[in-house]
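Trainee: No letters, just coordinates:
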């Protein structure tokens with residue numbers, strides 16, 4: 001199964017770190033990312049972001065590219081790294097247009113965001 005296929009569905013944010021600072025859970029309590037095919041919709045901190053996602057599973061760690069087509073980041077492309085472990089997904093993105101981070105960590109003024117997400121159960125028919 002392709003890596004992107006394994007990410008299909010709805011993911012809830014369980015940890016968010018920006019520039020070396022872990023944000024309080026109340027900040028992202030309702031944040032979600034929904035993946036359908038190669039499209040994503042991110043509901044985060046009162047805004048909706050949409051776009052296309054690309055994964056390169058040949059790299060170690062796997063690389064990720066999020067191309068924003070709607071919302072506050074429209075026109076931006078963020079590069080990152082991604083790791084899927086069952087129903088847990090983490091990725092670290094350069095949020096200031098820089099190259100992809102090399103580790104799953106952020107530091108002050110790094111311009112990076114680390115997210116850890118948990119897959120939501122699929123709705124039953």
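Mentor: Received it, and whenever you're ready, just let me know what you need. This is a predicted model, so every value here is computed, not measured.

Trainee: all contacts plus neighbour counts: C-alpha atoms, from now on.
Mentor: OK.

Trainee: Nearest residue to the residue most central in space within the chain in space, please, no chain neighbours.
Mentor: Taking CA atoms, centre = their mean, the centroid of the chain lies closest to residue 91, which sits 5.4 Å from it. Spatial nearest neighbour of residue 91, chain neighbours left out: residue 82 (4.3 Å); criterion: CA to CA, 6 or more residues apart in numbering.

Trainee: does the one you found sit in a helix or strand, and which one?
Mentor: Using DSSP states H and E, residue 82 sits within strand 77-85.

Trainee: residue boundaries of the helices in the chain?
Mentor: Applying DSSP state H to the chain gives helices spanning 3-6.

Trainee: What ranges in it fall below the confidence cut-off?
Mentor: Of all residues in the chain, those with pLDDT under 70 make up the ranges 1, 123-125.

Trainee: Now do the strands in it.
Mentor: Using DSSP state E, the strands of the chain run over residues 9-18, 21-22, 32-36, 39-44, 47-56, 62-70, 77-85, 88-94, 112-119.

Trainee: Distance to residue 106 for those strands - can I get that in a markdown table?
Mentor: Output for these, formatted as a markdown table (distance: least, CA to CA, whole Å):
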| stretch | distance to residue 106 |
| --- | --- |
| strand 9-18 | 7 |
| strand 21-22 | 8 |
| strand 32-36 | 20 |
| strand 39-44 | 19 |
| strand 47-56 | 21 |
| strand 62-70 | 16 |
| strand 77-85 | 12 |
| strand 88-94 | 8 |
| strand 112-119 | 6 |
